[in-house]
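In: my questions concern the predicted model and sequence given below.
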Amino acid sequence: MEKCIHATLDLSKSLSVFKDEIKKLLELKNINEWNGQIVKEREEEIRQAALILAGQCIAIFIYNLSQADSAHHTAVIQTQVWQYPKTQKHGYTKRQILTIGNVLFPLSLPYMVTKIENNKKKNESPNQGFCPFLKWLGMSEGITPLVWSTIAEYGAIASSFDAARSTLKDWGINVSLKRIERLTYLFGKIGINLRQSKILNLEMANLSNSNVLKAQRVVIAVDGGRTKIRFNKKGRRSSKTNRHGFVGEWMEPKLLTIYVVNEQGQKIRTSEIPITNDGTYSGYQEFLKILEMYLVHLGISQAKQVLLIADGAEWI
């Protein structure tokens, strides 16, 4: 797939290009020479064309959203937590956003800056700014939420970031190795900060409660995991590799899963009743805080039935 495809922002044109390309791919010529490999290649080409069309449609959707005054009004309200008394409007700025299929589309958006006084460094910018629209929708990194969550997913579960990049290319996301690494860690950091914010709100009795678990059969599963953590060795870098050596030590994270089952005991997997997975290396007391936060936030007091699944470990 090409490194970058510029959005047409025209549905008719995008459909026309897709139709012309697919028409060629659906042609049946020299069938006597076909084999499984040829069919597989044709499948990949059709999938790539479909991903590009999906990216073009997403670009149109977000572009149209960016043209709505109500969207910008909502964005300003939703991003007030990042605004300071000296935050003010500062015209418009142009940003390029990447979506699936490696489709890149431009947005011209209102920009806000916060003036910083007494900046110590000469080269330091006197202003810090952001686009409320991008901040509101989680696109400040120049990618759509679907692209970012997909990058973080494969960056976390793949054996390496290089392996994650190969998989992402297959699904129409072609970004650099360093960007995959940075976005994966940043995604995790945002999640941890959000979790910590909810724990603090629970301690201050400000945590909002939902009715997700109302009248449901709830399963709470807790267990210990087993992961190997890399720790860099102290001292000088190796003269051959210019890297620090490392040691790998096994550590046990404490893990939890909260889900709902039906009358037959089968998991319910819907967007309305999501499965919650989390854990921590911080020990038993911190684990209890995390578990309590999720149970309160999901509305465990409204559950019809609660089942705890665990083994006989002392901490459990």
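Out: Done, it's in.

In: got the CA positions of stretch 153-161 in PDB?
Out: The C-alpha trace of stretch 153-161 is given here as PDB (Å, rounded to 0.1, in the frame of the first residue of the first chain):
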ATOM      1  CA  GLU A 153      -3.600  -2.800  20.300                       C
ATOM      2  CA  TYR A 154      -1.000  -4.400  18.000                       C
ATOM      3  CA  GLY A 155       1.900  -2.500  19.700                       C
ATOM      4  CA  ALA A 156       0.900  -4.100  23.000                       C
ATOM      5  CA  ILE A 157       0.100  -7.700  21.900                       C
ATOM      6  CA  ALA A 158       2.700  -8.200  19.100                       C
ATOM      7  CA  SER A 159       6.100  -9.800  20.000                       C
ATOM      8  CA  SER A 160       7.900  -6.600  18.900                       C
ATOM      9  CA  PHE A 161       7.100  -3.200  17.500                       C
END
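
In: residues touching that stretch, excluding its own?
Out: Stretch 153-161 is contacted from outside by A164, T167, L168, L177, I180, E181, L183, T184, F187, G188, using CB atoms under 8 Å, 6 or more residues apart in numbering. (Glycine included, C-beta is placed from N, CA and C.)

In: and the residues you listed, which are buried?
Out: A164, L168, I180, E181, L183, T184, F187 (16 or more other CB atoms under 10 Å).

In: distance-wise, check the fifth one relative to G172.
Out: Meaning L183. 16 Å (CB to CB, to the nearest Å).

In: please apply the same query to the last one.
Out: Relative to G172, F187 is positioned 19 Å away (criterion: CB to CB).

In: save the contacts of stretch 153-161 as CSV, and put in pLDDT, secondary structure and distance to S16 too.
Out: Formatted as CSV, the contacts of stretch 153-161 follow (pLDDT from 0 to 100; DSSP: H, G, I helix; E, B strand; the rest coil; distance: CB to CB, whole Å):
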residue, pLDDT, secondary structure, distance to S16
A164, 95, helix, 34
T167, 93, helix, 31
L168, 93, helix, 28
L177, 93, helix, 35
I180, 95, helix, 33
E181, 95, helix, 38
L183, 96, helix, 33
T184, 96, helix, 37
F187, 94, helix, 36
G188, 92, helix, 41
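
In: switch those over to TSV; also include distance to Y154.
Out: Output for these, formatted as TSV (distance: CB to CB, whole Å):
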residue	distance to Y154
A164	4
T167	5
L168	6
L177	12
I180	8
E181	12
L183	11
T184	8
F187	11
G188	13
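
In: quick check: the farthest pair among the residues you listed?
Out: Farthest pair in these (CB to CB) is T167 and G188. Separation: 18.2 Å.

In: now the protein, which segments are flagged as low pLDDT?
Out: Residues of the chain meeting the criterion pLDDT under 70: 1-2, 116-128.

In: select the longest helix from it.
Out: helix 36-66 (DSSP state H).

In: buried ones in that helix?
Out: Neighbour count says helix 36-66 has 48-49, 51-60, 62-63, 66 buried, by 16+ other CB under 10 Å.

In: repeat that for stretch 251-260.
Out: Neighbour count says stretch 251-260 has P253, K254, L256, T257, I258, Y259, V260 buried, by 16+ other CB under 10 Å.

In: list just the nearest of these to P110.
Out: Taking these together and measuring to P110 by CB to CB, the closest member is I258, at 39.6 Å.

In: just grab the bridge partners of that closest one for me.
Out: Beta bridges link I258 to I220, T276, judged by DSSP bridges.

In: for the contacts of stretch 153-161, which one is nearest Y111?
Out: L183 (22.5 Å).

In: correct me, but that closest one touches E141?
Out: Yes. When contacts are counted by CB atoms under 8 Å, L183 is listed as touching E141 (6.4 Å).

In: identify the contacts common to those two.
Out: With CB under 8 Å, 6+ apart, L183 and E141 have common neighbours W148.

In: buried stuff in whichever helix or strand V296 is part of?
Out: Counting by DSSP states H and E, the element that carries V296 is helix 284-298. Neighbour counts over helix 284-298 (16+ other CB under 10 Å) mark F287, K289, I290, L291, M293, Y294, L295, V296, H297, L298 as buried.

In: ditto for stretch 17-35
Out: V17, F18, E21.

In: and the contacts of it?
Out: For stretch 17-35, using CB under 8 Å, 6+ apart, the contacting residues are T8, R42, E45, I46, A49, A50, I52, L53.

In: and the nearest residue to I5 once chain neighbours are set aside, bridged to which residues?
Out: Spatial nearest neighbour of I5, chain neighbours left out: V103 (5.1 Å); criterion: CB to CB, 6 or more residues apart in numbering. Using DSSP bridges, the beta-bridge partners of V103 come out as I5, T99.
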